[in-house]
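J.: The following comprises the amino acid sequence and a computationally predicted model.
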Amino acid sequence: MDKNGKRIASIMKRDREVFLTTTRVPYEFVVDHGDGDFAYDINGRKLIDFSSFISVYNLGVNGNSEIRQAIKKQSDKLSHSAFTDYYSELPVSFAESLLGMFPKGFGKMFLSNSGTEANEAAMKFARIFTKRQYIISFYNSFHGRTMGSLGLTASRSVHRAHFGPFNSIIHAPYPYPYRCLFNRGEHDCGEDYLGFIEDYILKKEVDPQEVAAIFFEPIQGEGGYIVPTKSFMKGLRKLADEHGILLVTDEIQAGYMRTGKFLALENFGIEADIYTMAKALGGGLPIGATIARKSLGDLPSGAHANTFGGNHIAVAAASASLNYVKAHKRELEIGVKRKSEMIFKRLREMQDDHEIIGDVRGIGLMIGVELVKSRKTKEHAIKEREEIVKKAFKNGLVLLTCGESTIRIIPPLTMSESSIEKGMCILEDSLKAARQ
Ligand SMILES: Cc1ncc(COP(=O)(O)O)c(C=O)c1O
């Protein structure tokens, strides 16, 4: 092993000795810095980033210069303001600005530090607003790993093993058009999935009058970049209205312009009652938000709070990021659409040549490529996927996986078309190499 390889191996070894973290990519990526379209490892190797560092850097790796400036400026002034106890204008202005991106009637929000915390708050709010106990969420969903949101999460049993039991949460199947559970081909199977909730869950397991909320991702992320059908989403809204159940959309991965719209749910023509956001919201700093319809009411004094929600450096970064999004919204929308079309075109061409590509799906720059051993049996190509992402990394492209055998393509929304093209060429070369 050369000197550079030794340094990477030594950091990885030290890491394993001190951390309990269990999720790691299958390649040896020791990060050093990032800039725009690129990430650099500690040996100065330049990599095209198709991961946005797990869907965080929507405006470029390490944010843009406005975000970095805002962080520097705020750090000289005040970092922590004990905002849930004292008043402060910065988070108020941020919340007002963020609400401007929401449909009429929204609302009020709670600021936290992560996606899981935003969902924990949403669970509590749904229960206190409705005075009901049960929550429905979906198989293949990922809503976080703390005890409440972990109860919602059901994408891999290893996430849940030995941590339960989880209270009053019922899981329903989520429309997966490529692998429709109801086995009726690739037709719009939304009706079948709705029927399951109506005929089984709400008739045989829980009285709808006891259900506080239905939590869902508008596009499932960790579970496999699964896009539900529009009919399912519309039906879900109708079902919730019939029974006074709240709809909670987890926009933590799919939101913040990722699909070309600020809120991913906009793609389905419905509104939810509570929205949760995190990841890209902070432009690289930790922040979560739980945004509720105003008509749901207020919380009793002392019902919910935290220490760091509204942290001033995080809010300064989030505000700078949001200002950029607002000022460049049209440009981002057009850019996401154009780049998305470009990627889909390339992937469809690759699909013609590579049997291993079973399905290509997504909206905007949230794109999943599901790999199968055979298109007929749809057996997951798990080992092959690992080979492909390893090979891609070796050739200068950072890729993440999701689901059983899917690769995510989630570049920063601001990535140049030439970097995207180079990334797609690396992906194709890696597919070829994995086949040999
Ligand atoms: C859709 C979704 N919800 C919630 C979370 C949890 O967010 P965090 O890791 O910030 O707690 C994630 C993280 O991947 C996510 O993708």
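T.: Arrived safely, thanks for sending.
J.: rest of the way, CA atoms for contacts and neighbours
T.: Will do.
J.: care to break this structure down by domain?
T.: 3-63+330-435, 78-327 (automatic domain parsing).
J.: out of those, nearest to the ligand?
T.: Nearest to the ligand, of all the domains of the chain, is domain 78-327, at 3.4 Å by Cα to the nearest ligand atom.
J.: Do the closest one and the ligand come into contact?
T.: Yes. Using Cα under 6 Å from any ligand atom, domain 78-327 reaches the ligand at 114-116, 142-144, 217, 221-222, 250, 252-253, 279.
J.: give the contact list for the residue lying closest to residue 392 once chain neighbours are set aside.
T.: Closest residue to residue 392 apart from its sequence neighbours, by Cα to Cα, 6 or more residues apart in numbering: residue 430 at 5.5 Å. Residue 430 makes contact with 388, 389, 391, 392, according to Cα atoms under 8 Å, 6 or more residues apart in numbering.
J.: Residue 363 and residue 259, how far apart?
T.: 5 Å (Cα to Cα, to the nearest Å).
J.: Counting neighbours, go ahead and name the busier of the two.
T.: residue 259 (26 against 23; other Cα atoms under 10 Å).
J.: what's the closest non-adjacent residue to the more buried one?
T.: That would be residue 364: by Cα to Cα, 6+ apart, it lies 4.0 Å from residue 259.
J.: In terms of pLDDT, where does residue 66 sit?
T.: Per-residue confidence (pLDDT) for residue 66: 98.
J.: before we move on, the earlier item: could you dump the contacts of residue 430 to CSV with distance to the ligand, secondary structure and pLDDT?
T.: Shown next, in CSV, are those (distance: Cα to the nearest ligand atom, whole Å; DSSP: H, G, I helix; E, B strand; the rest coil; pLDDT from 0 to 100):
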residue, distance to the ligand, secondary structure, pLDDT
388, 22, helix, 97
389, 19, helix, 97
391, 24, helix, 97
392, 22, helix, 97
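J.: re the thing from before, redo the residues of domain 78-327 next to the ligand as CSV? Include neighbour count, secondary structure and pLDDT.
T.: Below are the residues of domain 78-327 next to the ligand laid out as CSV (neighbours: other Cα atoms under 10 Å; DSSP: H, G, I helix; E, B strand; the rest coil; pLDDT from 0 to 100):
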residue, neighbour count, secondary structure, pLDDT
114, 21, coil, 98
115, 26, helix, 98
116, 25, helix, 98
142, 27, coil, 98
143, 31, coil, 98
144, 22, coil, 97
217, 29, coil, 98
221, 27, coil, 98
222, 22, coil, 97
250, 32, strand, 98
252, 30, coil, 98
253, 28, coil, 98
279, 26, helix, 98
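J.: Dead centre of the chain: give me the residue that sits there.
T.: residue 253 (1.7 Å; Cα atoms, centre = their mean).
J.: Roughly how far does that one sit from residue 280?
T.: Distance, residue 253 to residue 280, by Cα to Cα: 8 Å.
J.: again with residue 362
T.: For residue 362, the distance to residue 280 (Cα to Cα) stands at 18 Å.
J.: So for these two, which residue has more residues nearby?
T.: For residue 362 versus residue 280, the count of surrounding residues by other Cα under 10 Å is larger for residue 280: 31 against 20.
J.: circling back to that earlier point, make JSON lines from the domains of the chain and add distance to residue 69 to it.
T.: Below are the domains of the chain laid out as JSON lines (distance: least, Cα to Cα, whole Å):
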{"stretch": "domain 3-63+330-435", "distance to residue 69": "10"}
{"stretch": "domain 78-327", "distance to residue 69": "9"}
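J.: Buried ones in the helix-or-strand element of the chain with minimal mean pLDDT, by neighbour count?
T.: Here the helix or strand of the chain ranked lowest by mean pLDDT, DSSP states H and E is helix 3-18, holding a mean of 89. In terms of neighbour count (16 or more other Cα atoms under 10 Å), helix 3-18 has its buried residues at residue 8.
J.: Does the very next helix or strand once past it pack against any helices or strands, and if so which?
T.: Counting by DSSP states H and E, the next helix or strand C-terminal to helix 3-18 is strand 31-35. On a contact count with 3 or more Cα pairs under 8 Å, 6 or more residues apart in numbering; DSSP states H and E, strand 31-35 meets strand 38-41.
J.: related to what we said a few turns ago, what's the nearest residue to the residue nearest to the centre of the chain if we skip its chain neighbours?
T.: Going by Cα to Cα, 6+ apart, residue 253 has residue 55 as its nearest residue, at 6.1 Å.
J.: Would you mind measuring from the residue nearest to residue 259 to residue 103?
T.: With distances taken as Cα to Cα, residue 364 is found 21 Å from residue 103.
J.: quick one, which of these two is more surrounded?
T.: Neighbour comparison, residue 364 and residue 103: the larger count goes to residue 364, with 25 against 13 (by other Cα under 10 Å).
J.: could you list every residue that touches that one?
T.: Contacts for residue 364 (Cα under 8 Å, 6+ apart) come out as 258, 259, 260, 336, 337, 339, 340.
J.: Next one, pLDDT for it please.
T.: In this model, residue 364 carries a pLDDT of 98.
J.: Residue 46 too?
T.: 97.
J.: show me where this structure has helices.
T.: 3-18, 52-55, 65-77, 89-99, 115-130, 147-152, 157-160, 190-196, 230-243, 312-327, 329-353, 382-394, 417-435 (DSSP state H).
J.: residues of stretch 274-288 that come out buried?
T.: Under the neighbour-count criterion of 16+ other Cα under 10 Å, stretch 274-288 has 274-288 buried.
J.: So which of those belong to strands?
T.: Using DSSP state E, the subset of the buried residues of stretch 274-288 located in strands is 274, 275, 276, 277, 288.
J.: Might you list the low-confidence residue ranges for the chain?
T.: Scanning the chain for pLDDT under 70 picks out the ranges 1, 184-187, 435-436.
J.: let's see it at 50
T.: Low-confidence segments of the chain (pLDDT under 50): none present.
J.: From residue 16, how far off is residue 291?
T.: As judged by Cα to Cα, residue 291 and residue 16 stand 38 Å apart.
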